[in-house]
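Engineer: coordinates only, no sequence provided:
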């Protein structure tokens, strides 16, 4: 292998590892941007190639910008506190009922607003709910936000931006998508719920507060709620028309924020300062690192390997590719893994079964580790804002079970669909 290609592999691997490990608590984006910058500095990538890599993430940047603005303005206007109070009152003092309510809301938010929205929008709402319910340990409920964000992320094409990356311009129409993915998604959602509830059963045996005072939702909060609902409608319409999701999300996010700020007569600076903008350079850095890896020929090699495997044993390749990309997500995050998988599937000669298994692996695989997906990284950022920490080991111990069983069951259900 030429020295230049070896250096690309070395820099990309180390950069992604540092993003995952986050040594010295240095933010993830620093390592991704540093790795991308090093590829350019050493002329392993030309400026044009670097810009091309950054440009490929435009739809993701717009999508995240809209979602983060919606979440921040909703938090500022106490929408989450209002929703949390209602959810806690509905639970009627039952921790198990509150757990189920949060889980069902997580399924709906992920399905219609995407897994990143679940991490950004639902996590602070759940944190407020468990605080109102005077729960001693909030983690069992907060874990829902991380795990359902991935488990329900292939109900619809819009449920995960990674779906759009994998299929690219060849996204199946909704009426083709649903028969293909509805059963595996239902299996993954159901299995994830029962495993989570079983593993957290001791914490869920405790009683919670039931006499909850419902705060008044002011006009700003009502507009924020309307903005979130409008965003869901815009995303469904964009998906039905086979349009990119980033621009409508950004437009609804910016418009909602502007209207709320005008109504409550607040400066936009408070909202702008509170948004976790560091996520955007993190994504851009990862896109550039993947652009570098593409130069090494890894895409062509994997495409040939996949085509050859499919020719020898379709069933074996379905299992191997689905599990393989699931594990890859935890080695290098599902965003770069999804980009590589999408490039591979554009040239590989494989069946829809294998494509479906690989998409399920990209979507469900990140439930193994804290940095497996962008949604989980966003979840960690949201937890830090609530002064709650989750260690990589703590997540891995639970994720080993929560990821593995639903993944195998979901891939297995693909074979039921073919009979």
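Structural biologist: In hand now; what should we look at? Quick caveat: nothing in here was measured; it's all calculated off a predicted structure.

Engineer: from now on I want contacts and neighbour counts done on CA atoms only, so please keep to that.
Structural biologist: Fine.

Engineer: burial measure for residue 372, as a count.
Structural biologist: When neighbours are counted by other CA atoms under 10 Å, residue 372 registers 28.

Engineer: against residue 312, how distant is residue 172?
Structural biologist: Look at residue 172 and residue 312: by CA to CA, to the nearest Å, they are 26 Å apart.

Engineer: who has more neighbours, these two?
Structural biologist: Set residue 172 next to residue 312 and count neighbours by other CA under 10 Å: residue 172 wins out with 14 against 10.

Engineer: what about that one, helix or strand, and which?
Structural biologist: Secondary structure from DSSP states H and E places residue 172 outside every helix and strand.

Engineer: residues in contact with it?
Structural biologist: Residue 172 makes contact with no residue, according to CA atoms under 8 Å, 6 or more residues apart in numbering.

Engineer: rerun at 10 Å
Structural biologist: By CA atoms under 10 Å, 6 or more residues apart in numbering, the contact list for residue 172 reads 157, 178, 180, 242.

Engineer: and for residue 388?
Structural biologist: Counting by CA under 10 Å, 6+ apart, residue 388 touches 127, 138-139, 142, 380-382.

Engineer: and the furthest pair within those?
Structural biologist: 138 and 381 (16.0 Å; CA to CA).

Engineer: what subset of the contacts of residue 388 is buried?
Structural biologist: 127, 138-139, 142, 380-382 (16 or more other CA atoms under 10 Å).

Engineer: from these, which has minimum pLDDT?
Structural biologist: Lowest pLDDT within these is found at residue 381 (86).

Engineer: correct me if wrong: it contacts residue 119.
Structural biologist: Yes. In terms of CA atoms under 10 Å, residue 381 counts as a neighbour of residue 119; the distance is 9.0 Å.

Engineer: between the two, which contacts overlap?
Structural biologist: In contact with both residue 381 and residue 119: residue 375, using CA under 10 Å, 6+ apart.

Engineer: closest to residue 100 out of the contacts of residue 388?
Structural biologist: Nearest to residue 100 among those, with distances taken as CA to CA, is residue 142, at 12.3 Å.

Engineer: okay, and residue 93 sits in which element?
Structural biologist: Going by DSSP H and E, residue 93 is not in any helix or strand.

Engineer: tell me the buried residues in stretch 15-32?
Structural biologist: By neighbour count on 16+ other CA under 10 Å, the buried set for stretch 15-32 is 15-20, 22, 27-32.

Engineer: kindly reformat those residues as a markdown table containing secondary structure and distance to residue 301.
Structural biologist: Compiled in a markdown table, these are given as follows (DSSP: H, G, I helix; E, B strand; the rest coil; distance: CA to CA, whole Å):
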| residue | secondary structure | distance to residue 301 |
| --- | --- | --- |
| 15 | helix | 22 |
| 16 | helix | 21 |
| 17 | helix | 23 |
| 18 | helix | 26 |
| 19 | helix | 26 |
| 20 | helix | 25 |
| 22 | coil | 30 |
| 27 | coil | 33 |
| 28 | helix | 29 |
| 29 | helix | 29 |
| 30 | helix | 30 |
| 31 | helix | 27 |
| 32 | helix | 25 |
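
Engineer: tell me the pLDDT of residue 333.
Structural biologist: Taking residue 333 on its own, its pLDDT is 82.

Engineer: before we move on, what about residue 169?
Structural biologist: 62.

Engineer: repeat that for residue 388.
Structural biologist: With respect to pLDDT, residue 388 has a value of 91.

Engineer: identify the residues contacting residue 197.
Structural biologist: With contacts defined as CA under 10 Å, 6+ apart, the neighbours of residue 197 are 96, 99-100, 140-141, 144, 191, 203-204.
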